[in-house]
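> pasting the structure only:
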Ligand code: 8IG
């Protein structure tokens with residue numbers, strides 16, 4: 001029956017369940033860790049509790065190989081707790097936009113003020129090489145969908161918080177930044193579509209994050225977005241795109257990304 005429930009009420013119920021199962025009442029920071037970013041959960045602090053996603057209202061076990069299906073509570077050096085959401089629902093799974101942004105709404109209900117959204121993505125700008133992390137500076141939401149319901153005109157001017165980007169840049173001065181385009185997927189783009197995306201201002205392309213960022217802003221969270229470039233976008237590299245390539249680049253980058261996220265989180 002959860003599909004017809006008010007999304008706010010479902011997020012509240014999820015947050016209460018997380019508090020009960022982890023023993024942690026308040027999570028000040030939340031992170032969604034995409035392809036390549038998972039190892040960060042082992043490094044940013046001390047894991048207090050791991051909860052299977054399907055024990056929390058509105059969450060589903062992951063349908064994507066290589067993606068985990070748990071929620072973790074982590075105690076940071078500051079004493080604050082971070083909630084790691086290892087159970088992202090993608091738009092292409094067809095569960096609807098409410099399911100896609102349920103993690104973000106749950107994070108807000110759990111007390112988060114900062115939402116870190118990470119992903120694996122294709123590089124359109126040739127300056128972004130496979131294996132590199134890139135800060136998301138802005139996005140093009142090309143899903144033709146919105147997580148916002150009703151006449152609710154949410155401002156997205158500084159969606160990817162310039163304060164948090166500045167802070168990330170201090171943690172890692174070599175970080176470049178770019179505009180992320182979210183497409184519905186699950187197919188990758190054609191080379192013609194990548195040329196079109198380049199012309200309209202996209203430098204990174206993926207299948208997540210933009211809808212989540214919008215919901216995060218609506219919920220009053222400050223958003224930091226990070227992409228691991230796992231492949232040159234279609235038509236720009238030598239090889240056809242494959243999920244195996246994505247997973248392999250992700251695994252290779254994991255230690256570096258974990259260390260990067262630790263340094264960023266330590267500055268929040
Ligand atoms: I990882 O090249 C990853 N996710 N749409 N295109 C799209 N999504 C992606 C890509 C890519 N690489």
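Done, it's in. All of these numbers come straight from a predicted model, not from anything done at the bench. Residues are numbered from 1 along each chain as shown.
> who's in contact with stretch 152-170?
114, 135-139, 148, 175, 177, 213-214, 217-218, 222-226, 264, 267-268 (Cβ atoms under 8 Å, 6 or more residues apart in numbering). C-beta coordinates here come from the backbone N, C-alpha and C atoms, glycine included.
> how about a cut-off of 6 Å?
With contacts defined as Cβ atoms under 6 Å, 6 or more residues apart in numbering, stretch 152-170 is touched by 135-137, 148, 175, 213, 217-218, 222-225, 264, 267.
> where does the stretch 151-268 of the chain come near the ligand, residue by residue?
183, 185, 188, 189, 205, 206, 207, 230, 231, 233, 241, 246 (Cβ under 6 Å from any ligand atom).
> Would you pull up how far the helix or strand where residue 261 lies lies from the middle of the chain?
Here residue 261, judged by DSSP states H and E, is contained in helix 243-266. The chain centre lies 13 Å from the centre of helix 243-266; the measure is Cα atoms, centre = their mean, to the nearest Å.
> Could you do stretch 75-95 as well?
Distance of stretch 75-95 from its chain centroid, counting by Cα atoms, centre = their mean, is 8 Å.
> Would it count as contacting the ligand?
No. Applying Cβ under 6 Å from any ligand atom, one finds stretch 75-95 separated from the ligand by no less than 9.6 Å.
> residues making contact with that stretch?
By Cβ under 6 Å, 6+ apart, stretch 75-95 touches 24, 27-32, 41, 45-46, 48, 53, 59, 62-63, 68-74, 99-100, 103, 107, 110, 143, 184-186, 207-208.
> avg pLDDT for it?
Stretch 75-95 carries an average pLDDT of 93.
> can you pull the buried residues of it?
Going by neighbour count (16 or more other Cβ atoms under 10 Å), the buried part of stretch 75-95 is 75-76, 80-93, 95.
> Inside strands: which ones of those residues?
75, 81, 82, 83, 84, 85, 86 (DSSP state E).
> Stretch 33-49 near the ligand at all?
Yes. Contact of stretch 33-49 with the ligand (Cβ under 6 Å from any ligand atom) involves residue 35.
> those helices in the stretch 151-268 of the chain, which residues are they?
Taking DSSP state H, counting those that start in this stretch, the helices of the stretch 151-268 of the chain run over residues 162-171, 191-199, 210-218, 243-266.
> hang on, the earlier thing: adding distance to residue 37 and pLDDT as columns, could you present the contacts of stretch 152-170 in TSV?
TSV is the format used below for the contacts of stretch 152-170 (distance: Cβ to Cβ, whole Å; pLDDT from 0 to 100):
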residue	distance to residue 37	pLDDT
135	13	98
136	13	98
137	18	98
148	26	95
175	14	96
213	16	98
217	21	97
218	24	97
222	19	98
223	15	98
224	12	98
225	12	98
264	12	96
267	17	93
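> Just the buried ones out of these, please.
Neighbour counting over the contacts of stretch 152-170 (16+ other Cβ under 10 Å) leaves 135-137, 148, 175, 213, 217-218, 222-225, 264 as the buried ones.
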